[in-house]
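*Asks:* My questions are about this predicted structure, shown below with the sequence.
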Amino acid sequence: MAALAKSSSALSTFAPMGARRLYIFGGIALIAVGMLFGDVFAVFILHQNVGQQGAALIEASRAVADRDPAAATAIFGRLGGLLEDRGTKVDAHVHMIDAGYLALLLALVQPYLALSQRTKKALAGLFIMGGILLPLGIFLIHYMGLAYSPFAVIGWASVLADSAGALLILVLVLQAWGFWKYVRSRQLSEPELPDEDSMPRRALLTGGTILVLLGFLHGAYYAGTQLYEHERMETAILQRLLDASAASNLDAASAEVNDFGNLAGARAVNIAAHSHIIEFGLLAMLLSFVQPFVFLSEKWKRRWVKVLLGGSVILPVFVLLELKLGLLAGGIADIGGLMVMVSLIGMLVGILRYSGSLDFAENNVAKAEAGERAR
Amino acid sequence: MTGSRKLLIFGGMAFAALGMLYGLQYALFVEHQTLDRMGGSLAQSFAAAATRNAGQSQAALKQYGETKYDYVRQVDAHSHWIGLAMLMIVLGVMFERVNFSEGIRRLVAISLLAGSALFPLAVILQTYHHGAVVFKALAVAGSGLVIAAMAATAWGFARPRTTA
């Protein structure tokens, strides 16, 4: 309880079911679920999906060799389905995690929004709802298709996803309006977050900044040296595949399909490493702010920070190494992702303990006051 | 609240809303049609090759390449705008921990703001003029500004706390 007593404004910065609590709990939960979904997707769906794409391309080259345009077109209909299956799952993973990041971020800026507590709480509820419905809608696009849809190309799942996206935008615009009002009035609507200068906080802040910087440098290196070359290679490989298929040279066509798969793999690992290292860096920076609310011993707080930063380095590095080490590196990368998830859940447990202790203390004070009045 | 923090928080919120609005309009009015065109042109190139119509096959493959070029950049611009916006807001909240004078902090904030605006914009502009060197140069300049600002921020965090 001593940790709670440190801050006299503890309750006002973390009111029961207040906006900040909703954003922090909802944000961490969205990030953890989004990461779990990404890990399950990588292990059980991604590699199988890539294999099916390669098989479909080989079938298409056979159809070309057999002079069967109808079969080639039908195969691409199926390939489109495979790409949609993969794409919507990646998008659901990314959007759920990003909504979680935004929620944590909004938790930080609450004191600078000149809005009533009730409005802030309502906006927080709407934001978390949008953060759940947007990835859910994206996930369902592949399964619902255009069933019962009155539109030519947009299904009900897309409508759900787009509506949830619009809801998130609306909440953000209202928050920006609240911030504008604060800038004019210069009055904080609630106390700022505690300015604790602890080791876990400093490590997350510095480590996060370095991870983001490394991600930027890797992105710039990839864009400068490989991006355009990879784009040029894709159409060149497809052209050679078509030529080999038209010449009924199926061995050469298979080799081109293999090259196409390797190229897609090279692009995917570079983009995944770039985006994951930046996102983990941003996550570490965001989590540095919630450390005062993590009600765990200093030893456990440090332990979770080390696990989080360790996983944040292991995942992108081993994703990049997948090209050289294959599935072994993929497995180690998945363990890195799991480390980040476990540390997130560890911190969430600490925050739940903090809020439970705070609510318990508040109830005791209320009971004592009621007892005093009764006497 | 200092000017550099206001710049980062306001700028970040504006870019986040802009990036989301851009993504929403793209998803509603462009993306589905683009994906259909991309898949359709690739299918058409194989179907034409099956009828041994090399000219039509090549034209369809070229259209596939161009459509994909645009699609990748539209999605990249959307995600980079929002990602950079989040970074700006996070940094805005804690920018006083960057241990430089407010003048230098403002310079770093302006660099981050300008880079975050310029980089995704240059990426989108590339879809109007494929391969235009000027837009590639603008993208490089934008990302350079962001990287320089982040390096300065990391340095500022690492410095001992002397200024508020």
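*Replies:* Sure thing, it's come through.
*Asks:* Name the residue of chain B that lies nearest to chain A.
*Replies:* residue B:43 (3.4 Å; CB to the nearest CB). All C-beta spots, glycine's among them, are computed from the backbone N, C-alpha and C.
*Asks:* packing partners for the helix of greatest length in chain A?
*Replies:* Using DSSP state H, we find that the single longest helix of chain A is helix A:327-374. In terms of contacts (3 or more CB pairs under 8 Å, 6 or more residues apart in numbering or on different chains; DSSP states H and E), helix A:327-374 is packed against helix A:2-5, helix A:10-13, helix A:19-41, helix A:250-290, helix A:298-325.
*Asks:* Could I get the contacting residues of the residue of chain B closest to chain A?
*Replies:* Shown in contact with residue B:43 (CB atoms under 8 Å, 6 or more residues apart in numbering or on different chains): A:72, A:73, A:76, A:77, A:80.
*Asks:* Identify the residues contacting the third one.
*Replies:* Residue A:76 is in contact with A:56, A:60, B:39, B:42, B:43, B:46, counting by CB under 8 Å, 6+ apart.
*Asks:* Equivalent analysis for the fourth one, please.
*Replies:* For residue A:77, the contact set (CB under 8 Å, 6+ apart) comprises residue B:43.
*Asks:* Let me know the helix or strand that it is in.
*Replies:* helix A:69-109 (DSSP states H and E).
*Asks:* quick check, distance from the longest helix of chain A to the centre of its chain.
*Replies:* How far helix A:327-374 lies from its chain's middle: 20 Å, per CA atoms, centre = their mean, to the nearest Å.
*Asks:* Let me see the mean pLDDT of that helix.
*Replies:* For helix A:327-374, mean pLDDT rounds to 85.
*Asks:* what angle separates that helix from helix A:19-41?
*Replies:* 160 degrees (axes from the mean of the first three to the mean of the last three CA atoms, to 10 degrees).
*Asks:* how much space is there between the residue most central in space within chain B and residue B:151?
*Replies:* Taking CA atoms, centre = their mean, the centroid of chain B lies closest to residue B:120, which sits 2.8 Å from it. Here the criterion is CB to CB, to the nearest Å. By it, residue B:120 lies 20 Å from residue B:151.
*Asks:* With residue A:60 instead?
*Replies:* According to CB to CB, residue A:60 stands 47 Å off from residue B:151.
*Asks:* out of those two, which sits in the busier spot?
*Replies:* residue A:60 (31 against 15; other CB atoms under 10 Å in any protein chain shown).
*Asks:* Can you name the helix or strand that that one falls in?
*Replies:* Using DSSP H and E, residue A:60 maps to helix A:47-65.
*Asks:* can you tell if that helix touches chain B?
*Replies:* Yes - for helix A:47-65, a contact with chain B is found by CB under 8 Å from any CB of the partner chain, at A:60, A:61, A:63, A:64.
*Asks:* Correct me if wrong: residue A:346 contacts residue A:306.
*Replies:* No - with contacts counted by CB atoms under 8 Å, residue A:346 stays clear of residue A:306, the gap being 11.1 Å.
*Asks:* So for these two, which sits in the more crowded spot?
*Replies:* Applying other CB under 10 Å to residue A:346 and residue A:306 shows that residue A:346 carries more neighbours, namely 18 against 15.
*Asks:* Could you pull up the residues touching residue A:220?
*Replies:* So residue A:220 contacts B:140, B:143, B:144, B:147 (CB under 8 Å, 6+ apart).
*Asks:* and the first one, backbone torsions?
*Replies:* Same thing as residue B:140. Backbone torsions for residue B:140, taken as degrees, to the nearest 10, come to phi -60, psi -40.
*Asks:* Name the nearest residue to it, ignoring sequence neighbours.
*Replies:* Leaving aside its chain neighbours, residue B:140 sits nearest to residue A:224 (7.5 Å; criterion: CB to CB, 6 or more residues apart in numbering or on different chains).
*Asks:* burial of that neighbour, as a residue count?
*Replies:* Residue A:224 sits with 12 neighbouring residues when counted by other CB under 10 Å.
*Asks:* what angle separates the longest helix anywhere in chain B from helix A:69-109?
*Replies:* Counting residues, the longest helix in chain B under DSSP H turns out to be helix B:54-94. Helix B:54-94 runs at 10 degrees relative to helix A:69-109, counting by the same axes, to 10 degrees.
*Asks:* State the mean pLDDT of helix B:54-94.
*Replies:* For helix B:54-94, the per-residue pLDDT averages 91.
*Asks:* Check stretch A:183-199 too.
*Replies:* In the prediction, stretch A:183-199 has an average pLDDT of 80.
*Asks:* quick one: is it near chain B?
*Replies:* Yes - against chain B, stretch A:183-199 shows contacts by CB under 8 Å from any CB at A:183, A:186.
*Asks:* Show me which positions of that stretch end up buried.
*Replies:* For stretch A:183-199, burial by neighbour count (16 or more other CB atoms under 10 Å in any protein chain shown) applies to A:189, A:190, A:191, A:193, A:198.
*Asks:* Now do the buried residues in stretch A:172-181.
*Replies:* Here stretch A:172-181 shows A:172, A:174, A:175, A:176, A:178, A:179 as buried, counting by 16+ other CB under 10 Å.
*Asks:* from those residues, which is closest to chain B?
*Replies:* Checking the buried residues of stretch A:172-181 against chain B with CB to the nearest CB, the nearest one is residue A:176 at 4.5 Å.
*Asks:* For that closest one, list the residues it contacts.
*Replies:* Residue A:176 sits in contact with B:10, B:13, B:14, B:17, where contact means CB under 8 Å, 6+ apart.
*Asks:* Quick check, pLDDT for it.
*Replies:* For residue A:176, pLDDT reads 87.
*Asks:* Hmm, residue B:137 and the residue nearest to residue B:140 touching each other?
*Replies:* No - the criterion here is CB under 8 Å, and residue A:224 misses it with residue B:137 at 11.8 Å.
*Asks:* Share the number of residues neighbouring residue B:53, please.
*Replies:* Neighbours of residue B:53 (other CB under 10 Å): 16.
*Asks:* Give me the phi and psi for residue A:326.
*Replies:* Dihedral angles of residue A:326 (phi, psi; degrees, to the nearest 10) stand at phi 70, psi -140.
*Asks:* do you know how far it is from chain B?
*Replies:* The gap separating residue A:326 from chain B is 26 Å, by CB to the nearest CB, to the nearest Å.
*Asks:* Next: residue A:320.
*Replies:* Taken as CB to the nearest CB, the span from residue A:320 to chain B is 19 Å.
*Asks:* Who are the contact partners of the residue nearest to that residue when sequence neighbours are not counted?
*Replies:* Excluding the flanking residues, the one nearest residue A:320 by CB to CB, 6+ apart is residue A:273, at 4.6 Å. Neighbouring residues of residue A:273 by CB under 8 Å, 6+ apart: A:218, A:316, A:317, A:319, A:320.
*Asks:* can you count the residues close to the second one?
*Replies:* Read it as residue A:316. A count of nearby residues for residue A:316, using other CB under 10 Å, gives 27.
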